[in-house]
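Colleague: Structure, please.
(chains A and B)
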Amino acid sequence: MLLRHTPKEITERKALTINPAKTCQPIGAMYAALGIHGCLPHSHGSQGCCAYHRSALTRHYKEPVSASTSSFTEGASVFGGSANMMQAINNIFTVYGPEVIAVHTTCLSETIGDDLPQIKKKALAEGKIPKGKYVISASTPSYAGSHVTGFSNMVTAMAGMAEPTGKKNGKVNIIPGWVEPSDMEEIKRLTNMVGVKTILFPDTSGVLNGPLSGEYKMFPEGGTTVAELKSTGDSIGTLALGEWCSADAARYLDKEHKVPCQVLDMPFGLQATDRFIDALRMVAGVNVPDEIALERGQLVDMISDMHQYFYKKKVALVGDPDQLIAMTEFLVSIDMCPVHIVTGTPGKKFEKRIKEITKDMGGKVNVKAKGDMFLLHQWIKNEPVDLIIGNTYCKYIARDEDLPFVRWGFPILDRQGHQYFPTVGYKGGLRLLEKILGVLMDRQDRDASESKFELVF
Amino acid sequence: MATATKKKMVQWDPADVKAELLKKYPPKVARKRAKQIMINEALENTTPEITANVRTTPGIITMRGCTYAGCKGVIMGPTRDIVNLVHGPIGCSFYAWLTRRNQTDPGPDGENYINYCFSTDMQEQDIIFGGEKKLTAAIQEAYDLFHPKSIAVFATCPVGLIGDDIHTVAARMKEKFGDCNVYAFSCEGYKGVSQSAGHHIANNQVFRHIVGENDEVKPGKFKINLLGEYNIGGDGFEIDRIFKKCGITCISTFSGNATYDQFASAHTADLNAVMCHRSINYVADMLETKYGIPWIKVNFIGAESTAKSLRKIAEYFGDKKLIATVEKVIAEEMPEVEAIAAEVRTRTAGKTAMMFVGASRAHHYQGLFNEMGMKTIAAGYEFAHRDDYEGRQVIPDLKLDADSRNIEELEVEADATRFKPRKTIKEIEALEKAGYKFKHYAGIIPDMDKGTLIIDDLNQYEAEKLVEIMKPDIFCAGIKEKFSIQKTGVPMKQLHSYDSGGPYAGFKGAINFYQEIDRLVGSKVWSYMKAPWQKDLQLSASYNWE
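Modeller: Predicted structure coming up:
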């Protein structure tokens, strides 16, 4: 057994986290910043943070992830990291020449109280930031929130680049949240089909799913451009996908620049995608084309064709709040039973939302924000499930408990596809169902006696 | 062949390459980097000085990690029956969770916490009011849940800043439990200049708190410790297999597949064999001073080196039967290795490699490449010190600076009851007279050709330039470097965690490595970089039948 010391009996833990269902803020900020075209994320802290985040993102995407660090030493930790940051800004613009440096803090620089806006002011005054280049910053203390919070904070810093001209641009801002590059691409495809002009930010498509062509581009073609980010203040509205990932940035644009916003769930599954398309139609004032209805119908068709295999199957879920809310709703909508749901990200609202979504499902639902995967495993030991959905770390639980397992979320370290095949939208819904059916039926085939083994499902 | 289409035998002058690497830097950075980039003169003992173990430059994208990574990730990570509890915000523990590919074999009932990730997950109120209470509670909860024989506590950056006294907390809990050794590591990420400082902090505490705890004499005639072997991809398992076959008993490995008891019994071995000089040579020194166990440098990477190291161990014990067994094992293992090397060499001979990794692997792996007829044209370490480049004779000249001063050096004396010289002075002298070298490491420099480049703390920009100018057939570094190199069409092999491969140590490992490099440099994929219409820009065409 891989997790052989995990007891079935659940005891309360107040201080010890085991097998976390979250990581720290800065990695989210780094991922978001990679969704700006020509941007070098910069970690203001000791060099290890940057090394860890780059490694984790690289393992997930199998793509180069460039980011720099202020390389704090003991001295900088005592006297402040301003000198390191100034030196870094100079070196980065000289050697790498990005359009934007997106700086995020760490628990180290936050604990000593470094003030990034102040440092940026100084760099500007000293001419360290070349004309036409930008330094943006987000405060991302690792000891608060989670990687999701850090993502949201950097996206809000991106919204901070808005420079309204007073003339509307006729576009809709879409803040997709922490989804895969393939998902961002899919959201763009859908909005194109609906015929809405959009500014999607951040946009890691074309950055973290790049081609192999014999040429290395430190700053790939993809990403939201500075011009687009500046223009977000002129947009006719903002759709923020996910309360945890995207709402802060949308509300910032609403409050500062009177760009009205709506906060929706992430468009995973049938109903959340329905709401997204409907909201898009309303804000842009357009009709939804038949092609979209066709894609929707195909998803409904597969749900109906395969319903017998979903019906009343129990599922354990671990991941981030925005994704889990949409996934729970999707599973409930196809008559599956998500019975254990854990996120490491804090927020009481999460538990409330999940309880609402599952209230008619019947039976008890275990849900916890600020939980961990050790607890999830214990829940599973007490009430077994038919399927587990989550990041790669679930494979230890899946093997010990002999569970079918669908990889979905962050990080996925041992399988491919998330970079290229979306799970948002109706097409993404088909892919999720395909994956779920695949593991459930593989299990049925594996376990069936010879007499019960069947050709046709 | 994919690579045959590339322009080979690119002519470059090392001085031009160095100038090109430095060209774009601001003057201050260029001055600093110039001292870390050396054109090899391949001299032993009188080699020019290279600057190493100095700070990275803010903003210059380094390959290095931090002290915590060296301590928790590298040294303590591979230990399986110790609960490694990270005191800090969640990230540090999360990133070090199963990512280094340390394999372990606990057996069906053995303790194994490697698959778990433990953290105090410090929150804002802990930063403001102090985290000692939470740490105390977390240690208690871990003890109540698992009853491990040992709990290790690791400090992350904020812990040092807010002044949590983790050592006192650990000592108090150790006393309270009575049957669980609890100790702590002050391995905050901002200490030192690289992972190397973390190795030192980890090893010091293992030496201080664990080594010597178990005096029970284990069976076995030829007992050694293997120091600086981390069982990445199962390297340690292959070395253990060979030891067993030779009749050599490995009392303790620091720290691949290690257990608490192995550390505790380390002082009962009769020889210390050092693999990774950088991460552990000081432990070998301390074991000698305190317990009288001599040490030698070994290298189990490469079939030749493995044979040489086995002979060196046998010669130390001087037992005729052991010497004969070792020769028999080598004779048994080598034919398969040589046959595969010869076959692979038909495709790999004459190809070139670059290696920027660790502080011994960039040296050790050159042997494997040599066995394949491949030449290393540039190499360097991520976190080495000068002695790893120039040889141990420079150690007395190493100057303490603001960063290295903060890393504790343990003062060790001969143990009152357990110090026992394993060899008499006469025996040592006789061995040395016959050419046997104790405590000897000549570094990477004499093993590399004249005119090759040796670069300390290579960064992303320089890596990109090196590949562009020198066009190696393979580049070796870590996960962060992997895909930027491969985007240029040059295969990249991770030598920290071996991608998904291994073992590469020992005889079977050598075979694995030959086959892996053969696969990488010969893969058809490198020939697919351009589509037909990108290769031939002509727009007109004719039909086939025309």
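
Colleague: interface residues of the stretch 401-546 of chain B facing chain A?
Modeller: B:402-403, B:406, B:460-461, B:464, B:478-480, B:482-489, B:525, B:528-530 (Cβ under 8 Å from any Cβ of the partner chain). In this view, the C-beta of every residue, glycine as well, is placed from N, C-alpha and C.

Colleague: Write the ChimeraX selection for whichever of those are buried.
Modeller: Buried residues among those (16 or more other Cβ atoms under 10 Å in any protein chain shown), as a ChimeraX selection:
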select /B:403,406,460,461,464,478,479,480,482,483,484,485,486,487,488,489,529
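
Colleague: Now name the helix or strand holding the residue of the stretch 101-250 of chain B found nearest chain A.
Modeller: Closest contact between the stretch 101-250 of chain B and chain A, by Cβ to the nearest Cβ, is at residue B:137 (3.6 Å). Element membership for residue B:137 (DSSP states H and E) is helix B:132-146.

Colleague: Dump that helix to PDB, keeping only the CA atoms.
Modeller: The C-alpha trace of helix B:132-146 is given here as PDB (Å, rounded to 0.1, in the frame of the first residue of the first chain):
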ATOM      1  CA  GLU B 132       5.700  27.700  17.700                       C
ATOM      2  CA  LYS B 133       2.300  26.700  19.200                       C
ATOM      3  CA  LYS B 134       1.100  25.400  15.800                       C
ATOM      4  CA  LEU B 135       4.300  23.500  15.300                       C
ATOM      5  CA  THR B 136       4.000  21.900  18.700                       C
ATOM      6  CA  ALA B 137       0.500  20.900  18.000                       C
ATOM      7  CA  ALA B 138       1.400  19.600  14.500                       C
ATOM      8  CA  ILE B 139       4.200  17.400  15.900                       C
ATOM      9  CA  GLN B 140       1.800  16.000  18.500                       C
ATOM     10  CA  GLU B 141      -0.800  15.300  15.900                       C
ATOM     11  CA  ALA B 142       1.700  13.500  13.700                       C
ATOM     12  CA  TYR B 143       2.900  11.500  16.700                       C
ATOM     13  CA  ASP B 144      -0.600  10.500  17.700                       C
ATOM     14  CA  LEU B 145      -1.500   9.500  14.100                       C
ATOM     15  CA  PHE B 146       1.600   7.600  13.100                       C
END
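
Colleague: residues contacting the closest residue to chain B within chain A?
Modeller: Using Cβ to the nearest Cβ, the single residue of chain A nearest to chain B is residue A:48, 2.3 Å away. Contacts here follow Cβ atoms under 8 Å, 6 or more residues apart in numbering or on different chains; on that basis residue A:48 touches B:65, B:66, B:67, B:68, B:69, B:92, B:189.

Colleague: hmm, try it at 10 Å
Modeller: Residue A:48 is in contact with A:69, A:71-72, A:106, A:108, B:64-70, B:73, B:91-92, B:95, B:156-157, B:188-190, B:194-195, B:198, counting by Cβ atoms under 10 Å, 6 or more residues apart in numbering or on different chains.

Colleague: Inside strands: which ones of those residues?
Modeller: Residues of the contacts of residue A:48 located in strands (DSSP state E): residue A:69.

Colleague: Please flag which of the contacts of residue A:48 sit within helices.
Modeller: A:108, B:67, B:68, B:91, B:92, B:95, B:157, B:195, B:198 (DSSP state H).

Colleague: Okay, now the unreliable bits of the stretch 51-200 of chain A?
Modeller: Judged against pLDDT under 70, the stretch 51-200 of chain A has no low-scoring part.

Colleague: these two touch, right, residue A:146 and residue A:322?
Modeller: No: counting by Cβ atoms under 10 Å, residue A:322 is not a contact partner of residue A:146; they are 11.8 Å apart.

Colleague: still on that earlier bit, which residues in the helix holding residue B:137 does the neighbour count mark as buried?
Modeller: B:132, B:134, B:135, B:136, B:138, B:139, B:140, B:141, B:142, B:143, B:145, B:146.

Colleague: ditto for stretch B:46-66
Modeller: B:47, B:50-66.

Colleague: Say whether chain A is contacted by that stretch.
Modeller: Yes: remark: stretch B:46-66 sits within contact range of chain A at B:55, B:56, B:57, B:58, B:59, B:60, B:61, B:62, B:63, B:64, B:65, B:66, by Cβ under 10 Å from any Cβ of the partner chain.

Colleague: for the buried residues of helix B:132-146, which one is nearest residue B:209?
Modeller: For the buried residues of helix B:132-146, the residue nearest residue B:209 by Cβ to Cβ is residue B:139; the value is 14.8 Å.

Colleague: The helix or strand where residue B:367 lies packs against which elements?
Modeller: Secondary structure assignment for residue B:367, by DSSP H and E: helix B:361-371. Applying 3 or more Cβ pairs under 10 Å, 6 or more residues apart in numbering or on different chains; DSSP states H and E, we find helix B:361-371 packed against helix B:277-291, helix B:303-317, helix B:320-348, strand B:352-356, strand B:375-380, helix B:386-390, strand B:474-477, helix B:506-522.

Colleague: so how far is that helix from its chain's centroid?
Modeller: 13 Å (Cα atoms, centre = their mean, to the nearest Å).

Colleague: and the angle for that helix with helix B:277-291?
Modeller: When axes from the mean of the first three to the mean of the last three Cα atoms, to 10 degrees is applied, the directions of helix B:361-371 and helix B:277-291 differ by 110 degrees.

Colleague: Report the rounded mean pLDDT for helix B:361-371.
Modeller: Averaging pLDDT along helix B:361-371 yields 97.

Colleague: list the contacts for the spatially most central residue of chain A?
Modeller: Against the mean C-alpha coordinate of chain A, by Cα atoms, centre = their mean, the closest residue is residue A:178 at 2.0 Å. Listed by Cβ under 10 Å, 6+ apart, the contact partners of residue A:178 are A:28, A:31-32, A:35, A:147-148, A:150-152, A:155, A:202, A:204, A:241-242, A:244-246, A:266, A:320, A:322-323, A:409-410.

Colleague: swap the cut-off to 8 Å and go again
Modeller: A:28, A:31, A:32, A:147, A:148, A:151, A:242, A:245, A:320, A:322, A:323, A:410.

Colleague: Kindly report the same for residue A:408.
Modeller: Taking Cβ under 8 Å, 6+ apart as the test, what residue A:408 contacts is A:319, A:323, A:327, A:389, A:390, A:391, A:418, A:423, A:432, A:435.

Colleague: and the helix or strand that contains the second one, what other elements does it pack with?
Modeller: Using DSSP H and E, the secondary-structure element containing residue A:323 is helix A:321-333. If contacts are counted by 3 or more Cβ pairs under 8 Å, 6 or more residues apart in numbering or on different chains; DSSP states H and E, helix A:321-333 sits against helix A:243-257, helix A:270-284, strand A:314-319, strand A:337-343, helix A:348-358.

Colleague: got a markdown table for these, with mean neighbour count and mean pLDDT too?
Modeller: Below are the helices and strands packed on helix A:321-333 laid out as a markdown table (neighbours: other Cβ atoms under 10 Å in any protein chain shown; pLDDT from 0 to 100):
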| stretch | mean neighbour count | mean pLDDT |
| --- | --- | --- |
| helix A:243-257 | 22 | 98 |
| helix A:270-284 | 19 | 97 |
| strand A:314-319 | 25 | 98 |
| strand A:337-343 | 26 | 98 |
| helix A:348-358 | 17 | 97 |
